[in-house]
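>>> missing the sequence, but the structure's below:
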């Protein structure tokens, strides 16, 4: 301990670690000091992994880590280490895999007992203080495991040996078989089988948005014409935006729904969910042109801009579910509160539409939702136009938001993560392009400038920035998601500077993470700390895996630049991850998207013409608003702009000083044309 009131975590920057800095537990951050102390004292390690906006992490902290009895036991018999999974996803990935192997499930808080050599002999998630409901209590577990560790070292050795052997077996080796488009069909069938045709989404409660599945289904629809895939996406997007998982007053999506209807959320809001869903709603708008999807996209951006953006333009990680120690307190309403804020007439209209009742729908209070509401029918029943009803509801929403802002605001995890910022950059750039809104593109550019300025140490990208400090060598997710951001910014602006930066990023990503023997990207760089297992992930979790994202982005970059070495990497990954994905393809739905692009004809469009030429502007506007994942577009005033980033297009000529379009299929080009309408027809067919 550093003094009577704090432990070693007081010197950390992570909001999660700082939340535990005044626990009576003698916490160490992950590092040399803790492991040396464990070896010196021959004590097992108690490893606790969580994050600052995790509800059950708070519960376990309050019940156990703030409790003198638990602290006494931990301090006497263990070396206790706290890890923020968002800062160290590499550590979390290894020990979560062990937990799933040992128990069949995982989650946070993640609780591991391990030797001073970092090898686990026991794993679990949340533990109450005392044993109850068939769950072992932390006091009982700590006592029994300490006894086992000291009295029966042979048993501990046996367990750790089997864990080590299991981890070695789990390392991905290249198959002789290659993934084909058959896997995309398999993924589609698996998703369709698991789809909830009543409320959208996949599987039973708790329901997660799973945007990677929705991205996949939109591509499936585009490449196969299967309207069922599009219907699954639309059903999910509409149901989520009607439910309580969507914040109808302040906007933004919560982490997940505890029920199948999307009504009762787990109230925390994560940057990555909102970034990925912003992209899905935007893509669905591009396909359907339904203004509802555009509206939700714009509202997500309004929420992120208001509540998750720093003064420097970077994006915060998360907003807690709890305020004043109570889950959802900031977001729910008593029936009479609605009338107090809105008055009788507007209060009655709002309550009728948003399901507000004296009994409530969440612990006696109300989560506003539109699950059982038809706005068209309500407008008709009230003798008003739909536009007039929307106007009344917007007045009510604004008043309720002002009233809500007087409440105690939940904790914000204000650390800036490169990976999640990369996702939001990509989302804003995509929305700016598709919705023709330069403000969104500027927000994306500001955030990427922040990353370039604050999150590099020398030439090495770092994973986290907070309170003036960049720390932790970036992981594959950071590189892959930042690459996604650069590609979307290029497609939104046609500034070749973004492509140059993307190419430099790929070079470093390959150097640091690529497995030369078996293909695929390791989670950690060659220059990073060595853990007990070298992870190489392809399955999608809460976010798409780094390998999935890298594969799709390398494919896109290959078609943009003509650099076939990028395609070679994706091709190799079809062998590397065959064994992991061919049976349960939908578990890697994001990865399957790259198969759509590589196994179907692709078009490269090269446009030469002055940026102020109305013909060029019209053409680009039409292409940017369209959903065309099989088309890449290069545009410049002069072919010399392509010399570094796309040499195959550097010798093209502009015809008659007019905007000139080359349409190529798999790097073989047709005759150029200056006829905008015929070019558009050719590109979009």
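On my side now, so go ahead. Everything quoted here is computed from the prediction, not taken from an experiment.
>>> give me the distance between residue 495 and residue 645.
In this structure, residue 495 and residue 645 are 10 Å apart, going by Cβ to Cβ, to the nearest Å. C-beta coordinates here come from the backbone N, C-alpha and C atoms, glycine included.
>>> what about those two, which has more around it?
Neighbour comparison, residue 495 and residue 645: the larger count goes to residue 645, with 23 against 15 (by other Cβ atoms under 10 Å).
>>> that one: what's its closest spatial neighbour, skipping adjacent residues?
Among residues not flanking residue 645 along the chain, residue 499 sits closest, at 4.2 Å (Cβ to Cβ, 6 or more residues apart in numbering).
>>> that's a helix at the one you found, yeah?
Yes - assessed by DSSP: H, G, I helix; E, B strand; the rest coil, residue 499 belongs to a helix.
>>> okay, now the unreliable bits of the stretch 51-200 of the chain?
Along the stretch 51-200 of the chain, no part satisfies pLDDT under 70.
>>> can you map out the helices along it?
Using DSSP state H, counting those that start in this stretch, the helices of the stretch 51-200 of the chain run over residues 55-60, 68-77, 89-103, 138-151, 153-169, 181-194.
>>> closest to residue 507 out of those helices?
Taking Cβ to Cβ, helix 89-103 is the member of the helices of the stretch 51-200 of the chain nearest to residue 507, at 21.8 Å.
>>> about what we covered before: burial of the residue nearest to residue 645, as a residue count?
24.
>>> same check on residue 519?
23.
>>> so who does it touch?
Neighbouring residues of residue 519 by Cβ atoms under 8 Å, 6 or more residues apart in numbering: 174, 569, 572-573, 575-576.
>>> which of the residues you listed fall within helices?
569, 572-573, 575-576 (DSSP state H).
>>> from these, pick the one nearest residue 542.
residue 573 (21.6 Å).
>>> you'd agree that closest one is up against residue 518?
No - look at residue 573 against residue 518 with Cβ atoms under 8 Å: they stay out of range, at 10.1 Å.
>>> looking at the two, which is more packed in?
Taking neighbours as other Cβ under 10 Å, residue 573 and residue 518 compare with residue 573 leading, 26 against 16.
>>> secondary structure element for the residue lying closest to that one once chain neighbours are set aside?
The shortest distance from residue 573 to any non-neighbouring residue, by Cβ to Cβ, 6+ apart, is to residue 551 (5.1 Å). If you go by DSSP states H and E, residue 551 is part of helix 546-561.
>>> repeat for residue 464
strand 460-466.
>>> buried residues in that strand?
Residues 461-466 are the ones in strand 460-466 that count as buried (16 or more other Cβ atoms under 10 Å).
>>> nearest to residue 541, of these?
residue 463 (16.7 Å).
>>> below-threshold pLDDT in the chain: ranges please.
Using pLDDT under 70, the flagged stretches of the chain are 1-4, 666-667.
>>> 50 instead, please
For the chain, not a single residue meets the criterion pLDDT under 50.
>>> quick one, strands of the stretch 1-150 of the chain?
Along the stretch 1-150 of the chain, counting by DSSP state E, counting those that start in this stretch, strands occupy 27-29, 45-50, 79-84, 110-114, 120-124.
>>> and the first one, which strands flank it?
Just to be clear, that refers to strand 27-29. Note on strand 27-29: by DSSP bridges, its sheet partners are strand 79-84 (parallel).
>>> which residues touch the partner strand?
Residues contacting strand 79-84 (Cβ under 8 Å, 6+ apart): 9, 14-17, 20, 25-30, 34-35, 37-38, 41, 43-52, 74, 91-92, 116.
>>> which pair of the ones in helices among the contacts of residue 519 spans the longest distance?
Between all members of these, the farthest pair (by Cβ to Cβ) comes out as 569 and 575, at 11.3 Å.
>>> more neighbours, those two?
residue 569 (22 against 18).
>>> tell me the one of the buried residues of strand 460-466 nearest residue 428?
Residue 428 has its nearest neighbour among the buried residues of strand 460-466 in residue 465, at 18.6 Å by Cβ to Cβ.
>>> is the closest one in a bridge, and if so with what?
With DSSP bridges as the rule, residue 465 is bridged to residue 416, residue 470.
>>> for it, list the residues it contacts.
The contact partners of residue 465, by Cβ under 8 Å, 6+ apart, come to 314, 415-416, 418, 454-455, 471.
>>> could you list every residue that touches residue 116?
Residue 116 touches 35, 38-39, 42-45, 79, counting by Cβ under 8 Å, 6+ apart.
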